[in-house]
Each structure stands twice: as C-alpha cells, then as structure tokens.
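Enquirer: build me a structure from this.
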Amino acid sequence: MALIDIKVPDIGDFKDVAVIELLVKPGDSVAADQSLITVESDKASMEIPSSHAGVVKALKLKVGDTVNEGSVILSLEAAGAAPSPQPSPARAGEGAKPAATPSPAPAGEGRGEGGAVAPVAASYAGGADLECDLLVLGAGPGGYSAAFRGADLGLKVVLVERYATLGGVCLNVGCIPSKALLHVAAVMDEVSHFESLGVSFGKPSVDLAKLKAHKDKVVGKLTGGLAAMAKMRKVTVVTGSGEFADPHHLKVVATDGKAQTIRFKNAIIAAGSEAVKLPFLPKDDPRIVTSTGALELRQQPKKMLVIGGGIIGLEMGTVYSTLGAKLDVVEMLDGLMQGADRDLVKVWQKMNAPRFDKLMLKTKTVGAEATKDGIRVQFEGLDGSKSEGVYDLVLQAVGRTPNGKRIGADKAGVVVGERGYIPVDIQMRTNVAHIFAIGDIVGQPMLAHKAVHEAHVAAEVAAGAVLGDAKLATSAFNARVIPSVAYTDPEVAWVGLTEDEAKASGVKVKKGLFPWTASGRAIANGRDEGFTKLLFDEETHRIVGGGIVGTHAGDMIGEIALAIEIGADAVDIGKTIHPHPTLGESIGMAAEVAHGSCTDLPPAKR
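Expert: Down below sits the predicted model:
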C-alpha cells in the first residue's frame with residue numbers, strides 16, 4: 001500500500017471555502033467516493049469525497065480552515081486497487097458523482113463492508129418475452145418508487161412482484177396496517193383517560209372481524225391506488241417470483257408455474273427482507289407468529305410474549321395490550337428500543353409500565369414447546385437464572401433478514417454478502433454497473449423512507465445512462481441523516497447523533513431540552529409527559545441530532561432532520577417562528593434553551 005495525499009478536487013467557482021465538518025478521523029477505513037469533509041461557502045455546502053480507498057493516516061486540516069482546489073485534506077494509506085475517476089463534490093442534500101462511470105461498489109456485507117468475491121456471471125442463450133429499459137425486482141415502497149420515477153423520466157419499465165398486490169411488506173403486512181391498528185389502540189387508550197376530565201364512555205367492545213376489515217380496507221385503498229398509478233405511467237407489472245438468468249435477463253415464475261423471461265438494459269433490485277424465525281420455536285403453530293401473523297388478528301390473547309424489545313415488537317405489543325392482553329417482553333440486551341437515547345425510552349417505559357407483567361432484560365429465550373394450555377417458553381438470564389412462562393400468543397420480533405440470496409444474483413455476477421446484503425456505492429450501483437440495489441437488501445436502517453430516496457437515485461442514474469443525460473447520471477444518495485420513529489404511545493422519534501453516541505465517541509455537544517410540562521398545547525391535551533431535545537456541536541454550533549418523546553413525535557422529527565441537512569444552528573431554529581400553541585413549537589423552544597434565550601422556562605442558573 002502507498003501513502004498518498006488526498007486533495008480537494010475541482011470545485012468550480014468556489015474559493016476559500018470553510019471546513020465545517022470532519023467526517024473521518026485517523027485510523028478510519030474509507031471507500032473511494034466516500035465523503036471526507038463538509039465545506040461551506042455563502043452559496044452552498046458540499047461534501048468532498050475521496051478519490052481512493054484506504055486507511056486515513058493523518059488529517060491535514062481542521063474545522064474552520066479554508067480550502068481551495070488542490071488543498072490537501074488528509075494522507076491515506078491507499079489500497080492497491082486503481083482509484084476511481086476523481087469525484088466531484090456533493091452538495092448537501094443533493095449529492096453528485098463523477099460524470100465518468102462510477103467505480104463499482106466494494107464487495108462484501110452491506111453498504112461499504114468488504115470481503116466477498118464477485119461470482120462469475122451466467123450466460124443465458126434463450127429468448128425474451130418482454131424487453132425494457134429498466135426492470136425493478138420488488139414492488140415495496142422502494143421498488144414502486146423506482147419504477148414510477150423511471151417511467152416519469154421516459155423509460156420503458158417492468159415491475160416484478162411476487163405477491164398479487166403492489167406495496168411490499170410495508171403497505172401489505174407492515175407499516176400501514178400496523179399504523180391503522182395503532183391508531184385504533186391510541187384512541188381506545190385516550191378515551192379511557194377522559195373520565196378524569198368529566199367525560200365518561202362505556203367500556204369498549206372489540207369486534208375483531210370488523211377491526212380486521214378496517215385494516216384491510218386501509219391496505220386495499222393504498223395498494224389499489226398503486227396499481228392505478230402504475231397503469232397511468234404505463235409500467236408493466238409482472239406477478240411472480242423473479243430470479244436472474246444472467247446480467248441482462250430475469251426469469252419470472254408465477255404461482256401457477258408459468259414462466260416468462262424479461263430482458264433489461266438496467267435493473268434495480270428491491271427485493272426487501274423477511275422476518276427472522278427462531279429455529280427452536282415449534283413450527284406451524286398458529287399461536288407463534290411474526291409481525292405478519294400478528295397483523296391478521298386471528299385471536300385476542302389473554303397472555304402474550306414478545307420476543308425482542310425493538311420497535312416492531314413494542315408496536316404490536318401495544319395493539320394487543322390495548323385489546324386486552326397482558327404482556328411479557330424478553331430482550332437479550334440491557335434496554336428496550338435500542339438506538340434511541342435512554343432518557344427518551346425512560347418516558348415511554350414509565351407510561352407503558354401497566355401493560356407489562358414481566359419485562360425481562362439481559363435474558364435469552366432458549367426453548368419452547370407447544371402444549372394444550374399454550375406455548376411453554378424457557379428463558380435464561382445472562383446471570384444464569386432460569387424461568388419459564390405459558391402464553392396464548394408468542395410474537396417473534398427479533399429482526400429481519402435480507403432476501404439477497406433468494407434472487408439468483410450470482411447468475412448476474414452480483415456480489416451478495418454472507419448475510420444476504422448486497423453492497424452498493426452512493427449511486428446505489430452493485431459491482432455490476434447496470435444493476436442497482438436499494439432498500440432493506442443494501443443494509444440498515446431497514447426503513448421505507450430510506451428506500452424511497454435510494455429508489456429515486458437508482459432510477460435517475462439508470463435513466464441518465466439510457467437517455468444520455470449527464471445531470472441525471474450524477475444523482476447520488478447523500479443523506480446526512482435518516483430519522484427513526486417508534487409509533488407507540490407515546491411516540492419516540494430521533495435523528496442524527498444521539499446523546500449516547502456523542503458521549504461514546506467523545507463528541508462535545510450542547511443540549512437544548514424543552515420539557516412538555518411547559519408546553520401549553522401538551523398540557524391542554526393532557527399529554528405533557530414528553531420532551532424535545534436538540535444537540536448542537538460545541539465547536540461548529542450546528543445541530544447534529546435530536547429526539548422527541550410524546551404524542552405526534554414522528555410527525556415533528558422531520559423538521560429536525562431538515563435542520564441537520566441544511567446545517568442550521570440554534571439561532572436559525574429558535575428564530576424560526578413556530579405557530580402557537582402547538583407541539584411543534586417545542587423544537588424552537590429547545591433551540592432557545594440551547595442558545596440561552598428561552599423565556600418559557602425558569603431562568604438558567606448563572
């Protein structure tokens with residue numbers, strides 16, 4: 001490996017631009033085209049990527065320095081592979097890639113992880129039943145968004161989906177149906193609190209069949225709308241399971257066994273993921289479900305076990321608890337809802353304590369057997385303690401696994417990691433230049449809103465190649481942050497750097513926290529248990545993260561994400577006039593707390 005200097009490339013008319021953020025540190029491994037620093041002029045901010053892959057040996061500048069074309073960013077112990085073409089800087093929120101063909105994705109396990117060797121592609125000698133400019137495999141939020149964007153740009157598009165309706169897991173058996181049920185649960189819980197306000201209602205009576213019909217109606221309205229939009233855009237929808245035959249052909253087999261072959265110029269893999277099933281649980285017992293089975297509402301259990309303390313398990317646990325079940329939750333780690341700051345989760349946990357009979361942290365599920373009385377489950381604590389319980393319903397919510405090994409990707413020459421992830425670059429390209437991948441299959445976080453933005457990038461780059469459009473060909477996925485939301489009651493939402501992460505990494509942040517006990521709207525709603533928290537970098541003063549716990553937190557977190565994307569500071573946010581009285585104004589007030597100008601709280605101690 002050679003030691004080389006990585007320099008600022010041609011940045012056009014920008015001169016003496018200030019470095020506002022360092023994105024790497026000595027010892028970090030970087031990929032070609034990975035962003036190294038963020039710079040800002042009076043016109044725009046942009047990220048400067050690396051021209052080589054390797055290990056950072058020394059940084060040659062610091063926050064506050066000014067740079068120009070040719071300024072040395074860092075010294076790099078470069079990998080032996082030839083560098084990609086000199087990348088262009090990416091504007092924050094837009095992203096840009098070199099006009100030349102981008103370097104392929106690094107081989108390995110998910111975005112940026114290395115290790116795998118590209119397989120030898122197959123060669124298909126048969127004919128094709130359909131031909132298209134762009135084939136999209138999978139019709140979830142990422143897949144249909146890619147297909148529709150490609151069609152809007154003028155491409156001939158074929159969308160392949162194994163299920164009868166479009167929308168994938170999210171619309172059919174995930175995000176949308178779960179939110180329909182969570183809304184019903186939230187209303188039921190809210191009504192129960194109204195007696196103390198002088199408004200009494202009778203005890204709710206639940207008709208599971210009607211509730212399921214409501215959920216199905218919501219799903220049908222959305223999936224039917226997708227089918228109509230596909231038709232409007234002249235996207236050809238092919239139903240069946242798809243597998244690659246070679247780098248330019250996909251074989252699709254329908255449920256009746258009929259097969260057809262599609263030839264494509266470009267392809268986008270959006271094949272998603274599936275729920276992990278624990279091998280030691282009894283097979284084919286209706287009392288053991290994943291989130292998909294839980295959404296079918298086949299029963300109203302009195303006693304329910306949720307295996308896994310993540311968002312999916314806690315959301316479904318909320319629904320069944322409101323419908324009358326007492327919950328046990330078992331989690332191997334030391335806390336629920338990992339990823340969120342503990343102070344956010346603490347508020348949620350205090351509010352939801354009555355839902356639980358047992359909350360078993362640092363505990364493994366080690367065995368289970370089906371009995372007449374229920375599913376008997378054995379547990380083992382990390383301290384060696386043993387216990388067991390009997391349940392009417394067991395929800396396994398321990399994560400999802402990508403479908404990368406189920407689509408014959410090797411026949412197309414596409415690298416798939418050991419766990420089924422497909423590595424991509426920031427243009428969503430796999431190691432095969434005309435095949436892209438998006439969504440769950442390219443790595444965490446497995447979120448629909450991430451997949452949609454990746455989809456637009458992949459479709460635009462593919463269209464740029466087909467249409468010869470250099471601007472489209474430079475599209476890239478350059479999101480600084482991706483928000484996360486638990487749609488429980490109260491909701492928990494966070495984005496960017498968390499306080500726990502800042503402490504662990506040694507990043508000094510200034511916190512602005514506004515408690516909802518001082519929010520007029522929250523008090524009027526009878527829901528003042530929450531708070532809004534913003535984190536600002538002590539050196540640059542720019543916002544780097546934030547979290548909200550309380551009702552409608554998920555509806556508000558987007559403003560914090562936007563503030564991070566545009567590099568806002570506490571003054572920018574605090575002086576943005578928010579309507580009063582709203583929950584959203586707590587974001588402005590949290591910024592005022594950080595700035596020291598908040599008049600809705602007692603004065604800070606001097």
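
Enquirer: for the closest residue in space to Glu40 that isn't next to it in sequence, helix, strand, or coil?
Expert: Once flanking residues are discounted, Glu40 sits nearest to Ile20: 4.9 Å by Cβ to Cβ, 6 or more residues apart in numbering. (Glycine included, C-beta is placed from N, CA and C.) Put simply, Ile20 is strand when judged by DSSP: H, G, I helix; E, B strand; the rest coil.

Enquirer: now Ile20: how far from Leu74?
Expert: 16 Å (Cβ to Cβ, to the nearest Å).

Enquirer: so for those two, which residue has more residues nearby?
Expert: Counted by other Cβ atoms under 10 Å, Ile20 and Leu74 do not tie: Leu74 has more neighbours, with 24 against 19.

Enquirer: got the contact list for that one?
Expert: Taking Cβ atoms under 8 Å, 6 or more residues apart in numbering, we find Leu74 in contact with Asp5, Ile6, Val24, Leu36, Val56, Lys57, Ala58, Leu59, Lys60, Leu61.

Enquirer: equivalent analysis for Thr292, please.
Expert: Val169, Val173, Gly174, Ala275.

Enquirer: Asp469 and Lys251, how far apart?
Expert: 30 Å.

Enquirer: and the contacts of Leu74, which of them are buried?
Expert: By neighbour count, with 16 or more other Cβ atoms under 10 Å, the contacts of Leu74 hold Ile6, Val24, Leu36, Val56, Leu59, Leu61 as buried.

Enquirer: I'd like those as CSV, with pLDDT appended.
Expert: Listed next are the buried ones among the contacts of Leu74 as CSV, based on pLDDT from 0 to 100:
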residue, pLDDT
Ile6, 92
Val24, 90
Leu36, 91
Val56, 90
Leu59, 91
Leu61, 91
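
Enquirer: and the residues you listed, which is closest to Val509?
Expert: Val24 (19.0 Å; Cβ to Cβ).

Enquirer: the stretch 51-200 of the chain: strands as residue ranges?
Expert: 54-59, 66-67, 72-78, 90-91, 130-137, 157-161 (DSSP state E, counting those that start in this stretch).

Enquirer: mean pLDDT for those: which is lowest?
Expert: Lowest mean pLDDT of those: strand 90-91, a mean of 40.

Enquirer: so which of the strands of the stretch 51-200 of the chain comes closest to Ala340?
Expert: Using Cβ to Cβ, those put strand 90-91 closest to Ala340, at 28.6 Å.

Enquirer: which residues are in contact with Arg342?
Expert: Gly335, Asp500.

Enquirer: from Ser145, how far out is it?
Expert: 35 Å.

Enquirer: same question for Ala462.
Expert: To Ser145, Ala462 is 13 Å away according to Cβ to Cβ.

Enquirer: could you find the closest non-adjacent residue to Lys508?
Expert: Leaving out its chain neighbours, Lys508 is closest to Glu538 (Cβ to Cβ, 6+ apart), at 4.2 Å.

Enquirer: which among the strands of the stretch 51-200 of the chain is found nearest to Ser196?
Expert: Ranking the strands of the stretch 51-200 of the chain by proximity to Ser196 (Cβ to Cβ) places strand 157-161 first, at 49.0 Å.

Enquirer: which other residues reach the closest one?
Expert: Against strand 157-161 from outside (Cβ under 8 Å, 6+ apart): 130, 132-139, 143-144, 147, 150-151, 166, 168, 230, 233, 235-240, 242, 250, 252, 262, 264.

Enquirer: sorry, back to before: who has more neighbours out of Asp469 and Lys251?
Expert: Ranked by neighbour count (other Cβ under 10 Å), Asp469 and Lys251 place Lys251 first, with 20 against 16.

Enquirer: isn't the more buried one up against Gly242?
Expert: Yes. Counting by Cβ atoms under 8 Å, Lys251 does reach Gly242; the two are 7.0 Å apart.

Enquirer: hang on, the earlier thing: let me know the closest of the contacts of Thr292 to Lys510.
Expert: Using Cβ to Cβ, the contacts of Thr292 come closest to Lys510 at Gly174, 37.3 Å.

Enquirer: contact partners for that closest one?
Expert: Gly168, Ser291, Thr292.

Enquirer: cutoff 10 Å now
Expert: Gly140, Pro141, Gly167, Gly168, Gly272, Ala275, Ser291, Thr292, Leu295, Ile312, Arg400, Ala448 (Cβ atoms under 10 Å, 6 or more residues apart in numbering).

Enquirer: please convert the residues you listed to JSON lines, extending it with pLDDT.
Expert: Shown next, in JSON lines, are the contacts of Gly174 (pLDDT from 0 to 100):
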{"residue": "Gly140", "pLDDT": "95"}
{"residue": "Pro141", "pLDDT": "96"}
{"residue": "Gly167", "pLDDT": "94"}
{"residue": "Gly168", "pLDDT": "90"}
{"residue": "Gly272", "pLDDT": "95"}
{"residue": "Ala275", "pLDDT": "92"}
{"residue": "Ser291", "pLDDT": "93"}
{"residue": "Thr292", "pLDDT": "93"}
{"residue": "Leu295", "pLDDT": "94"}
{"residue": "Ile312", "pLDDT": "95"}
{"residue": "Arg400", "pLDDT": "93"}
{"residue": "Ala448", "pLDDT": "95"}
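
Enquirer: so which of those are in helices?
Expert: Among these, DSSP state H puts Pro141, Gly168, Ser291, Thr292, Ile312, Ala448 in helices.

Enquirer: quick check on these: which are buried?
Expert: Buried members of these, counted by 16+ other Cβ under 10 Å: Pro141, Gly168, Ser291, Ile312, Ala448.

Enquirer: what ranges do the helices span in the stretch 251-400 of the chain?
Expert: In the stretch 251-400 of the chain, the helices defined using DSSP state H, counting those that start in this stretch lie at 291-294, 311-322, 342-352.

Enquirer: which elements pack onto the longest one?
Expert: Same thing as helix 311-322. helix 175-192, helix 291-294, strand 303-307, strand 326-331, helix 342-352, strand 393-396, strand 484-486 (3 or more Cβ pairs under 10 Å, 6 or more residues apart in numbering; DSSP states H and E).

Enquirer: switch to 7 Å and redo it
Expert: Judged by 3 or more Cβ pairs under 7 Å, 6 or more residues apart in numbering; DSSP states H and E, helix 311-322 is in contact with helix 175-192, helix 291-294, strand 303-307, strand 326-331, strand 484-486.

Enquirer: Val218 is nearest to which of those?
Expert: Across these, closest to Val218 is helix 175-192 (Cβ to Cβ), at 4.5 Å.

Enquirer: for the closest one, output the C-alpha coordinates as PDB.
Expert: This file holds the C-alpha atoms of helix 175-192, laid out as PDB (Å, rounded to 0.1, in the frame of the first residue of the first chain):
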ATOM      1  CA  CYS A 175     -46.000  -0.100   8.200                       C
ATOM      2  CA  ILE A 176     -49.500   0.800   7.000                       C
ATOM      3  CA  PRO A 177     -51.700  -1.900   8.600                       C
ATOM      4  CA  SER A 178     -49.800  -1.700  11.900                       C
ATOM      5  CA  LYS A 179     -50.400   2.100  12.000                       C
ATOM      6  CA  ALA A 180     -54.100   1.600  11.300                       C
ATOM      7  CA  LEU A 181     -54.300  -0.700  14.300                       C
ATOM      8  CA  LEU A 182     -52.100   1.600  16.400                       C
ATOM      9  CA  HIS A 183     -54.400   4.500  15.700                       C
ATOM     10  CA  VAL A 184     -57.400   2.400  17.000                       C
ATOM     11  CA  ALA A 185     -55.400   1.400  20.100                       C
ATOM     12  CA  ALA A 186     -54.400   5.000  20.800                       C
ATOM     13  CA  VAL A 187     -58.000   6.200  20.600                       C
ATOM     14  CA  MET A 188     -59.100   3.500  22.900                       C
ATOM     15  CA  ASP A 189     -56.400   4.400  25.400                       C
ATOM     16  CA  GLU A 190     -57.100   8.100  25.100                       C
ATOM     17  CA  VAL A 191     -60.800   7.600  25.800                       C
ATOM     18  CA  SER A 192     -60.100   5.600  29.000                       C
END
